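Asks: I would like the atomic coordinates for the input below:
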Amino acid sequence: MFIKLFNKPKPKDDSELLTLYRRSGDIARLGELYGRYMELIFAVCFKYFKDEEESKDAVMHIFEKISKDLLHQHVTNWKSWIHVVAKNYCLMQLRSKKYHVEQSMVSLKDEEEDMEFMDDEHHYGNNDKELTLQAMERCIHKLPEEQKICINLFYIEQRSYKEIIEITGFDASKVKSYIQNGKRNLKICVEKNNG
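Replies: Numbers count the residues shown, from 1 in each chain. Below is the predicted model:
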């Protein structure tokens, strides 16, 4: 009896919890792992949103997102990976909001110009550009997570290969491959959606 009191099981490490979740799909395992980093994830979200409620919502949305993604993905460095996922989620949300605000302003300006000049060609040109941007945003979300992370870091955040390697924990050849394949898949997807 005395020995059993001191023989408590050690808390599982991150990779062990991740493996257990991937094998069983037990959300409690992922919840335990996610709980360890919830403050970090909240801090990342708050840095971008500067709003407590929006940051709390983002923390929950990120959990929902990764609960699906992790069943199909192999993650080697959980802490770096979840940090990048949180940051990319926030950037996508901000970009989406900025895009909608800009589109509303462009839309108002277009309406004024249409009323003045009735320029159909101008209207259709903006519509095509808007459709391409929307297709690109949808296609980025369809990329495998590793490609999505590397594409966002390289093209959107303009990070170097070295920085991407440090952030993600991927080796140099993987980073190069994810960027090249992601770019190719993105191009194919956008062409398919616009064609």
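
Asks: what's the closest non-adjacent residue to Met38?
Replies: Nearest non-adjacent residue to Met38, counting by C-beta to C-beta, 6 or more residues apart in numbering: Val59, 6.3 Å away. Any C-beta I mention is one placed from the backbone N, CA and C, and that applies to glycine too.

Asks: what is the neighbour count of that neighbour?
Replies: For Val59, the count of nearby residues is 20 (other C-beta atoms under 10 Å).

Asks: in the host helix or strand of it, what's buried?
Replies: If you go by DSSP states H and E, Val59 is part of helix 52-69. Within helix 52-69, the residues that count as buried by 16 or more other C-beta atoms under 10 Å are Ser55, Ala58, Val59, Ile62, Phe63, Ile66.

Asks: quick check: mean pLDDT across that helix?
Replies: In this model, helix 52-69 carries a mean pLDDT of 94.

Asks: contacts for that helix next, please.
Replies: 27, 30-31, 34, 38, 41-42, 45-46, 49, 82, 85-86, 89-90, 93, 145 (C-beta atoms under 8 Å, 6 or more residues apart in numbering).

Asks: change it to 7 Å
Replies: Residues outside helix 52-69 that contact it (C-beta atoms under 7 Å, 6 or more residues apart in numbering) are 27, 30, 34, 38, 41-42, 45-46, 49, 85-86, 89-90, 93, 145.

Asks: got the CA positions of that helix in CSV?
Replies: Only the C-alpha atoms of helix 52-69 are listed here, as CSV (Å, rounded to 0.1, in the frame of the first residue of the first chain):
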residue,chain,number,x,y,z
GLU,A,52,-10.2,39.1,-25.1
GLU,A,53,-13.5,37.6,-26.3
GLU,A,54,-12.4,37.3,-29.9
SER,A,55,-9.2,35.6,-28.6
LYS,A,56,-11.1,33.2,-26.5
ASP,A,57,-13.3,32.3,-29.4
ALA,A,58,-10.2,31.8,-31.6
VAL,A,59,-8.7,29.4,-29.0
MET,A,60,-11.9,27.2,-29.2
HIS,A,61,-12.0,27.4,-33.0
ILE,A,62,-8.4,26.3,-33.2
PHE,A,63,-9.1,23.3,-31.0
GLU,A,64,-12.0,22.3,-33.2
LYS,A,65,-9.7,22.7,-36.3
ILE,A,66,-6.8,20.7,-34.9
SER,A,67,-9.1,17.9,-33.6
LYS,A,68,-9.8,17.0,-37.2
ASP,A,69,-6.4,17.9,-38.7
